[in-house]
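In: Sequence first, predicted coordinates after that:
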Amino acid sequence: MMYVSTRGGGEPITLSEALARGLAPDGGLYVPAQFPESHVNLPPPRSLPDIGNWLLKPFFVDDPLEGDLASICDEALYLPAPVVETSDHNVYLLELFHGPTAAFKDFGARFLAACLAAPRMFDAPPLTILVATSGDTGGAVAAAFHLRPTFRVVVLYPDGRVSPRQAHQLGAFGDNVHALRVAGSFDDCQALVKLAFADAELRREVPLSSANSISLGRLLPQMTYYAAAALRWHSIHGTRANFVIPTGNLGNAMACVWTRALGLPIGEIVLATNANRAVPDFLASGEYRPRLAISTLANAMDVGAPSNLERLRHFMPDFERLQRAVTAEVVDDAEISRVLRESESRYGHVVCPHTATALAVIERRRATGDRRPWIAVATAHPAKFEGVVEPLIGHPVEVPESLAEILARPSNATPLAADYEALVGVLRGLPVP
């Protein structure tokens, strides 16, 4: 399997090369040169590592990592990803927050770290993992690469635009992990990262790789929990699973689209955004207009220029087909607040603000008479957003043990102007791990 840029530049490369590079030299995102054929014979529900090894094999064919895929899945994908029933009939949650940093990003970050570490030797030159985060990605990447020999991690996050616990988590690792609080938005952070990857001179001096959702190493493993959930659902109910996915940079949603394209029993895919409405507006009009990010209660989705829309458009260049394949709806802060306030009594679960956007979309479907089962993707634990959630539900949210351990550590992040030369200075001055 070879991989090419969504923008058509450069020669096809292997998956290992695409993982190491992160972003293509022409600024595009890597995608399979030819998407694998649909799976005809579906297996029974199995463990997530087994599903990952089965599902992802076509993407690893003829790659140096092909023989390591099973062990990579065993190392990275043993985390629970249950589909749980709520108190509201036919509304379910796909809980993806049972990893070490209490967010769905743990699956992809751990898989990418295992992939990049597999072929490296202790005397290999340092590889710097450069990542922009709107809240959860950075913590997951930091945890996945923390203390791994020959790796350095640099996390950029928008100062004051992540929750206090997210910010603490980002700065709590130290050692080979460096947190930078940027005076700007997530889009400013993402723009700085993309400039660094496009800087050939810098990359010769400081080898870089990405752990954002632009990385295939993040996207591919996220397919596994959709496959596992859909197979389990089909074995129990005999129908396809319908998902509503909270959406920011569109990587998690792209994973679900690819999983369905492989022939897994997935029905409708609906995207729920906050007030950052670039994706819904594009799907309504066909015109993509990136814009400045708006700060919302669902801060990890505060993305005005979602990178993975480029992958989605490349995968489905026919706009009418794309409109049939996915739909998207906007949920504002008032509706997020209402869902959070009612979540415990209506659903029997306290949820995070991002999961609330998905539940709000399902409630709209209910109001129009749609009584089909829907699975809302629960992307993070509500304890990470205590400042938003607890005042609305009227009591503290219990903190998961793994998150509590991180929050007990000291935390420190370095201020950084939203300026490319300032970032270059930091990257060139990193200590050797």
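Out: Structure's in. What do you need? Everything quoted here is computed from the prediction, not taken from an experiment.

In: going forward, measure contacts between C-alpha atoms and count neighbours the same way
Out: Will do.

In: what's the burial count for Met1?
Out: Neighbour count for Met1, taken as other CA atoms under 10 Å: 18.

In: go on, Arg371?
Out: 14.

In: next one: Leu312
Out: By the measure other CA under 10 Å, the count of residues near Leu312 is 20.

In: ok, it - contacts?
Out: By CA atoms under 8 Å, 6 or more residues apart in numbering, the contact set of Leu312 is Met254.

In: Could you check whichever helix or strand it is part of and say which residues are buried?
Out: Leu312 is part of helix 309-315 when elements are defined by DSSP states H and E. Buried residues in helix 309-315, defined by neighbour count with 16 or more other CA atoms under 10 Å: Leu309, Arg311, Leu312, Phe315.

In: Distance from the chain centre to that helix, please.
Out: On the basis of CA atoms, centre = their mean, to the nearest Å, helix 309-315 sits 16 Å off its chain's mean C-alpha point.

In: and if you look at stretch 246-259?
Out: 8 Å.

In: Show residues contacting it.
Out: With CA under 8 Å, 6+ apart as the test, stretch 246-259 has contacts from 213-214, 219-220, 222-224, 226-227, 245, 269, 271-273, 300-303, 305-309, 311-312, 354-355, 357-358, 377, 379.

In: Closest one to Ala179 out of the buried residues of helix 309-315, please.
Out: Closest approach to Ala179 among the buried residues of helix 309-315 (CA to CA): Leu309, at 26.9 Å.

In: after the lengthiest helix in the chain comes which helix or strand?
Out: Identified as the longest helix of the chain according to DSSP state H is helix 216-237. Where DSSP H and E defines the elements, the next helix or strand beyond helix 216-237 is strand 241-246.

In: Can you list the strands that that following strand pairs with?
Out: According to DSSP bridges, strand 241-246 has the following sheet partners: strand 266-273 (parallel), strand 374-378 (parallel).

In: tilt between that strand and helix 216-237?
Out: Relative orientation of strand 241-246 and helix 216-237, computed by axes from the mean of the first three to the mean of the last three CA atoms, to 10 degrees: 140 degrees.

In: and His178, what element?
Out: Taking DSSP H and E as the definition, His178 sits inside strand 177-183.

In: Quick check: which helices or strands does that strand pack against?
Out: Counting contacts by 3 or more CA pairs under 8 Å, 6 or more residues apart in numbering; DSSP states H and E, strand 177-183 packs against strand 151-158, strand 414-417.

In: next helix or strand past the longest one?
Out: Proceeding C-terminally, strand 151-158 gives way to helix 164-170 as the next helix or strand, assigned by DSSP H and E.

In: try the shortest one
Out: Per DSSP H and E, strand 414-417 leads on to helix 420-428 as the next helix or strand towards the C-terminus.

In: what residues are up against the residue lying closest to Ser215 once chain neighbours are set aside?
Out: Excluding its sequence neighbours, the residue lying closest to Ser215 (CA to CA, 6 or more residues apart in numbering) is Gly22, at 5.1 Å. Applying CA under 8 Å, 6+ apart, we find Gly22 in contact with Leu29, Tyr30, Ser209, Ser210, Ala211, Ile214, Ser215, Leu216.

In: go on, Tyr347?
Out: Thr86, Ser87, Asp88.

In: Just give the closest residue to it, not the sequence neighbours.
Out: Nearest residue to Tyr347, sequence neighbours excluded (CA to CA, 6+ apart): Ser87, at 4.5 Å.

In: Now that neighbour: phi and psi?
Out: Main-chain torsions, Ser87, degrees, to the nearest 10: phi -70, psi -20.

In: Contact partners for it?
Out: If a contact means CA under 8 Å, 6+ apart, then Ser87 has Arg346, Tyr347, Gly348 as its contacts.

In: still on that earlier bit, from the strands paired with strand 241-246, which stretch is densest packed?
Out: strand 374-378 (a mean of 26; mean count of other CA atoms under 10 Å).

In: what helices or strands is the next helix-or-strand element following it leaning on?
Out: Toward the C-terminal end, the helix or strand that comes next after strand 374-378 (DSSP H and E) is helix 386-393. For helix 386-393, the packing partners by 3+ CA pairs under 8 Å, 6+ apart come out as helix 333-347.

In: tilt between the helix it packs on and helix 386-393?
Out: Going by the same axes, to 10 degrees, helix 333-347 is angled at 60 degrees with respect to helix 386-393.

In: And helix 333-347, what's buried?
Out: Applying a neighbour-count criterion of 16+ other CA under 10 Å, one finds Asp333, Glu335, Ile336, Ser337, Val339, Leu340, Arg341, Ser343, Tyr347 buried in helix 333-347.

In: In strands only, show me the contacts of Gly22.
Out: Among these, the members found in strands (DSSP state E) are Tyr30, Ser209, Ser210.

In: got a list of what the last one touches?
Out: It refers to Ser210. Shown in contact with Ser210 (CA under 8 Å, 6+ apart): Leu19, Ala20, Arg21, Gly22, Leu23, Ile129, Leu130, Val131.

In: which non-adjacent residue is nearest the third one?
Out: It refers to Arg21. The shortest distance from Arg21 to any residue other than its chain neighbours is 5.2 Å, reached at Ser209 (CA to CA, 6+ apart).

In: hang on, the earlier thing: TSV please, covering the ones in strands among the contacts of Gly22 and showing pLDDT and distance to Pro125.
Out: Formatted as TSV, these follow (pLDDT from 0 to 100; distance: CA to CA, whole Å):
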residue	pLDDT	distance to Pro125
Tyr30	96	24
Ser209	87	13
Ser210	82	16
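
In: of all the residues you listed, which comes closest to Ala328?
Out: Looking across the ones in strands among the contacts of Gly22 and measuring by CA to CA, the closest to Ala328 is Tyr30, at 24.1 Å.

In: give me the number of residues near that closest one?
Out: Number of residues near Tyr30 (other CA under 10 Å) recorded here: 26.

In: For the buried residues of helix 333-347, which two are the farthest from each other?
Out: Spatially, the most separated pair among the buried residues of helix 333-347 is Asp333 and Tyr347, at 19.3 Å (CA to CA).

In: Could you report the distance from Asn249 to Gly238?
Out: Using CA to CA, to the nearest Å, Asn249 is found at 32 Å from Gly238.
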